[in-house]
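A.B. asks: can you look at this prediction? I've put the sequence above it.
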Amino acid sequence: MTGVTRFYKVEDGKLERTHRSCPKCGPSFFLADHYDRSSCGKCGYTVFKRKGKKGAATVAKSRRTPRKRTKST
Ligand SMILES: [Zn+2]
């Protein structure tokens, strides 16, 4: 796959977006696809995916790893 074509798929003659575009930056900016979210690399806009109630809750709980406080003042 080359260029932007990988952001689309053609099904039954219709062009479908497989990636969401950023509502802030415009339709030409696609959100990067992550396992549980899509985010804009330009402005940082993030959309969380929800595959299922149970799965979402489990992911939210188990995926949250406490960060070390490395922030120095
Ligand atoms: Zn953006």
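C.D. replies: Structure received.

A.B. asks: tell me the buried residues in stretch 20-37?
C.D. replies: 20-22, 29-31 (16 or more other Cβ atoms under 10 Å). Where C-beta positions appear, they are placed from N, C-alpha and C, glycine not excepted.

A.B. asks: what is the nearest of these to the ion?
C.D. replies: Cys22 (3.3 Å; Cβ to the ion).

A.B. asks: bridging residues for the closest one?
C.D. replies: Beta-bridge partners for Cys22, by DSSP bridges, are Gly26.

A.B. asks: hmm, Gly44 and it touching each other?
C.D. replies: No. Between Cys22 and Gly44 there is no contact under Cβ atoms under 8 Å: 9.6 Å.

A.B. asks: what are the ranges of the helices in the protein?
C.D. replies: Here the chain has its helices, by DSSP state H, at 53-62.

A.B. asks: helices and strands of it: which one has the lowest mean pLDDT?
C.D. replies: In the chain, the helix or strand scored least confidently by mean pLDDT, DSSP states H and E is helix 53-62, which has a mean of 52.

A.B. asks: what sits against Thr46?
C.D. replies: Contacts for Thr46 (Cβ atoms under 8 Å, 6 or more residues apart in numbering) come out as 31, 37-40.
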